[in-house]
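[1] Mind looking at a prediction? Sequence and model below.
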There are 2 protein chains.
Amino acid sequence: MAKIFSTDYVCSLDYAFRRIGGKYKGRILWYIHAHKNVLRYGELKRLVQNITPKMLTQTLRELEEDHLVSRTVYHEVPPRVEYALTETGKELIPFIGHLKLWGDKQIKREKKKAGTALAKV
Amino acid sequence: MAKIFSTDYVCSLDYAFRRIGGKYKGRILWYIHAHKNVLRYGELKRLVQNITPKMLTQTLRELEEDHLVSRTVYHEVPPRVEYALTETGKELIPFIGHLKLWGDKQIKREKKKAGTALAKV
DNA sequence: CGGTATCCCCTACGATACTG
DNA sequence: CAGTATCGTAGGGGATACCG
């Protein structure tokens, strides 16, 4: 299966960015964390709006391969699969949380600017 | 010029990741920070090994557009251009630092594993 | 020194359909 | 429910050459 990001890297920052740099990786980790560290495939699909099953599966497989999430299959009918953060994955949560706060702040700043720009007109 | 990442976003995490998600953005911010917050174009080019001038310029322009770095031109001969972090850009440094430490740790873990794997053989 | 201008490729990502 | 399989595409990124 095609990898979202190559596993090659030139330094530790590069390494880290490649592991969380996909389009959905950060959000998936965050959603799992926000849901008490357990989320089913279907719940993730609903949370990450518009993601295709292919991308969701591919992203989850890569996160699993990098030991950021664990995958637990319950052999029931209907089937149930739960994804959870590993200890390594949990270590990224503070980073993602702060980045989220930073994003919130930036968005507010931009809206404020847009508001004053409109006010001038 | 083509943008590395579209400025559209669906949530604050998405917003934040798009702003630092390019292949070199995190490293460029970090290098500027590590060099007392001032770096010249040529110095960056040397630090970010193998980056083409096109990508370096494009990435810097986007960081400037997002108000993460400032660009100062000194009209001298030979010309001198300095890039520095803005206040907004500086706010990202703790997170990037955290991510870097995480990356370091992971790399060490991987090497350790590889080492024990070899030891078994 | 600090960039632009072209050309081109690769692959991350998407749409749709189907399955155990 | 939780995925695969297949095909297609946009644009992020690279190589090279040239410029004020």
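    Noted; the coordinates are in hand.
[2] and A:Ala16, what element?
    Element membership of A:Ala16, judged by DSSP states H and E, is helix A:12-20.
[3] Tell me the helix or strand right after that helix.
    Once the chain leaves helix A:12-20, the following helix or strand, as judged by DSSP H and E, is helix A:25-34.
[4] Let me see the mean pLDDT of that following helix.
    Along helix A:25-34, the predicted local confidence has a mean pLDDT of 98.
[5] That helix and DNA strand D in contact?
    No. Looking at helix A:25-34 against DNA strand D by Cβ under 7 Å from any atom of the strand, there are no contacts, and the closest approach is 12.1 Å. For the C-beta atoms, the positions are set from N, CA and C on the backbone; glycine is no exception.
[6] how much does that helix deviate in direction from helix B:12-20?
    150 degrees (axes from the mean of the first three to the mean of the last three Cα atoms, to 10 degrees).
[7] right, is stretch A:28-35 up against chain B?
    Yes. Contact check for stretch A:28-35 against chain B, using Cβ under 8 Å from any Cβ of the partner chain: residues in range are A:Trp30.
[8] Check which residues of that stretch are buried.
    Taking 16 or more other Cβ atoms under 10 Å in any protein chain shown as the basis for neighbour counts, the residues of stretch A:28-35 that come out buried are A:28-33.
[9] DNA strand D contacts on chain A?
    Contact residues of chain A with respect to DNA strand D, defined by Cβ under 7 Å from any atom of the strand, are listed as A:40-43, A:52-54, A:57, A:60-61, A:71, A:78-82.
[10] wait, isn't A:Lys45 in contact with A:Met55?
    No. With contact defined as Cβ atoms under 8 Å, A:Lys45 does not reach A:Met55; the gap is 10.0 Å.
[11] which stretches of chain A form strands?
    Along chain A, the stretches classed as strands by DSSP state E are A:39-40, A:69-74, A:80-85.
[12] Distance from the first one to the middle of the chain?
    Between the mean C-alpha point of strand A:39-40 and the mean C-alpha point of its chain there is a distance of 13 Å (Cα atoms, centre = their mean, to the nearest Å).
[13] Could you list the contact residues of chain A toward DNA strand C?
    Counting by Cβ under 7 Å from any atom of the strand, chain A comes close to DNA strand C at A:2-6, A:22-23, A:50-55, A:79.
[14] what residues does stretch A:71-85 touch?
    Under the criterion Cβ atoms under 8 Å, 6 or more residues apart in numbering or on different chains, residues A:29, A:32-33, A:37-41, A:44, A:60, A:64, A:68-70, A:93 lie in contact with stretch A:71-85.
[15] repeat that for 7 Å
    Outside of stretch A:71-85, the residues within contact range by Cβ atoms under 7 Å, 6 or more residues apart in numbering or on different chains are A:29, A:32-33, A:37-41, A:44, A:60, A:64, A:69-70.
[16] Who wins on neighbours among these?
    Ranked by neighbour count (other Cβ atoms under 10 Å in any protein chain shown), the contacts of stretch A:71-85 have A:Ile32 at the top, with 26 neighbours.
[17] Sort out for me which of the residues of chain A next to DNA strand C are in helices.
    The subset of these located in helices under the criterion DSSP state H comprises A:53-55.
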